[in-house]
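Participant: With the sequence up front, the predicted model follows.
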Amino acid sequence: MFKIATIVGARPQFIKTPLISSEIRKFAREILIHTGQHYDSNMSAVFFDELKIPKADYNLGIGSGTQGKQTGKMLQKIEQILLKEKPDMVIIYGDTNSTVAGALAAAKLHIPIAHIESGMRSYNRQMPEEINRIISDHVSEFLFCSTSSSVKILKGEGIKKNVYFVGDVMHDIQKKIKNQKLKTKDTILEELNIEPKKYILATVHRQENTDKKENLINIIEAFAKINEKVIFAVHPRTKKYLKEYRLERIIKNSNIELIDPVGFLEMIILESNAKLILTDSGGVQKEAFLDHVPCITLREETEWVETVQSGWNQLAGTNKEKIIKFARNFPKPKNHPNFLGDGNAYLKIAKIIKEYVNSK
């Protein structure tokens, strides 16, 4: 039987896996490899539980580390598994170190790679994610794009074969679960003592914002000066630097409420009920757009350019004045264009892979 190895390791990948895995397992044997890049239970186990993700066949337990150390460990262990399992195809998602490690391991063993969420570009090569995207795209055999602009980007880089605009899998997930499961998690607003559209939701996790003291100070000071309730879901790395930079004193005397990372279903409730979202996450930008919630991105650029073009997203970087200005005065757009497909990306991806399987 045709064997497919799927490699995941971080929150965005856990979210996208269930729908595609359920379809793939109808015609192929899937081996699920969890690198352990996100290992905190709030960043990993909760997603497997909530989203009914199949249990990982391998959990590498890599954990955190420098870019090179983490990627190197993943590459070594993934290669060992691929040599043992001999899959006919490897599926990778997005732009994390798990993505690029899986791509390199498979490419060097001449195993065809299917990259889901191909063609995203921020054009900022200071971001590790940008390097991961470029490498992964250029060694992949099948490239599944969330937006039509991603197809054009790949074409501009000389990648034209087996490039497909299928839409965004996150759109599929939200479309499917909103009416089915969110009611089971609707106590989160009550637990946090907040009301719909009377709070701002914030997330910060990118290296350039957490590891650079000046950037994180600017972000926290801006949050404190917005003068509205800010629910700040704190990534483990961010938590470490808040303490190291002694920013807890600013937070203590402000409108900011720190919470631990929450599961996907609770996060969707927090996002959809927020008045505004402040984030440096690509995934959260997109989720904000899908929920019709204005977003301020704490970066100078974004790979989700359509969210900015449509007026639903504004780029503030770590400029304190910009963050405050945009947060206090964000004109909500009247239109909400659909550029993320029809909510059936997972079916289109599975169909293309199945056609490839049947041709073998």
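Facilitator: Cool, the structure landed.
Participant: Pull the number of nearby residues for residue 66.
Facilitator: When neighbours are counted by other CB atoms under 10 Å, residue 66 registers 8. Backbone N, C-alpha and C define where each C-beta goes, glycine included.
Participant: actually residue 96, not the one I typed
Facilitator: Neighbours of residue 96 under the rule other CB under 10 Å: 28.
Participant: Would you tell me what helix or strand residue 117 is located in?
Facilitator: Using DSSP states H and E, residue 117 sits in strand 113-118.
Participant: so after that strand, what's the next helix or strand?
Facilitator: Once strand 113-118 ends, the next helix or strand along the chain (criterion: DSSP H and E) is helix 128-139.
Participant: Now that next one - C-alpha only, CSV.
Facilitator: The C-alpha coordinates for helix 128-139 follow below in CSV (Å, rounded to 0.1, in the frame of the first residue of the first chain):
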residue,chain,number,x,y,z
PRO,A,128,13.9,32.1,9.8
GLU,A,129,10.5,31.2,8.5
GLU,A,130,11.2,32.9,5.2
ILE,A,131,14.3,30.8,4.6
ASN,A,132,12.3,27.7,5.6
ARG,A,133,9.6,28.6,3.0
ILE,A,134,12.0,29.2,0.1
ILE,A,135,14.0,26.0,0.7
SER,A,136,10.9,23.8,1.2
ASP,A,137,9.2,25.1,-2.0
HIS,A,138,12.3,24.6,-4.1
VAL,A,139,12.7,21.0,-3.2
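Participant: For that helix, which helices and strands make contact with it?
Facilitator: Applying 3 or more CB pairs under 8 Å, 6 or more residues apart in numbering; DSSP states H and E, one finds that helix 128-139 contacts helix 97-108, strand 113-118.
Participant: Report the rounded mean pLDDT for the last one.
Facilitator: By that I understand strand 113-118. Mean pLDDT, computed over strand 113-118, is 98.
Participant: That strand: partners in the sheet, and parallel or antiparallel?
Facilitator: strand 89-93 (parallel), strand 142-145 (parallel) (DSSP bridges).
Participant: Switch these over to TSV; also include mean neighbour count.
Facilitator: Shown next, in TSV, are the strands paired with strand 113-118 (neighbours: other CB atoms under 10 Å):
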stretch	mean neighbour count
strand 89-93	27
strand 142-145	25
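Participant: For residue 266, find the nearest of these.
Facilitator: Nearest of these to residue 266, taken as CB to CB: strand 89-93 at 21.7 Å.
Participant: So what touches stretch 327-340?
Facilitator: Taking contacts as CB atoms under 8 Å, 6 or more residues apart in numbering, the residues outside stretch 327-340 that touch it are 146-149, 167-168, 170-171, 200, 222, 226, 228, 276, 278, 286, 289-290, 292, 294, 296, 306, 310-312, 314.
Participant: Quote the end-to-end distance of it.
Facilitator: End-to-end distance of stretch 327-340: 26 Å, with CA to CA, to the nearest Å as the criterion.
Participant: I'd like the average pLDDT over stretch 349-359.
Facilitator: Across stretch 349-359, pLDDT averages out at 97.
Participant: What are the buried residues along that stretch?
Facilitator: Neighbour counts over stretch 349-359 (16 or more other CB atoms under 10 Å) mark 349, 350, 352, 353, 354, 356, 357 as buried.
Participant: CA-only coordinates of it, as PDB, when you get a sec.
Facilitator: Extracted in PDB, the C-alpha atoms of stretch 349-359 (Å, rounded to 0.1, in the frame of the first residue of the first chain):
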ATOM      1  CA  ILE A 349      -5.300  18.300  -2.000                       C
ATOM      2  CA  ALA A 350      -6.400  14.700  -1.200                       C
ATOM      3  CA  LYS A 351      -7.800  14.300  -4.800                       C
ATOM      4  CA  ILE A 352      -4.500  15.400  -6.400                       C
ATOM      5  CA  ILE A 353      -2.400  13.200  -4.200                       C
ATOM      6  CA  LYS A 354      -4.800  10.200  -4.800                       C
ATOM      7  CA  GLU A 355      -4.500  10.700  -8.600                       C
ATOM      8  CA  TYR A 356      -0.700  10.600  -8.100                       C
ATOM      9  CA  VAL A 357      -1.000   7.400  -6.000                       C
ATOM     10  CA  ASN A 358      -3.200   5.800  -8.700                       C
ATOM     11  CA  SER A 359      -0.700   6.600 -11.400                       C
END
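Participant: Check the secondary structure at residue 303 for me.
Facilitator: Of the three states, residue 303 takes coil according to DSSP: H, G, I helix; E, B strand; the rest coil.
Participant: Would you agree it is in contact with residue 119?
Facilitator: No - counting by CB atoms under 8 Å, residue 303 stays clear of residue 119, with 9.1 Å between them.
Participant: The strand holding residue 117: how far from the chain's middle?
Facilitator: 14 Å (CA atoms, centre = their mean, to the nearest Å).
Participant: Next: stretch 292-311.
Facilitator: A distance of 14 Å separates the centroid of the chain from that of stretch 292-311, by CA atoms, centre = their mean.
Participant: I'm done for today, thanks for sticking with me.
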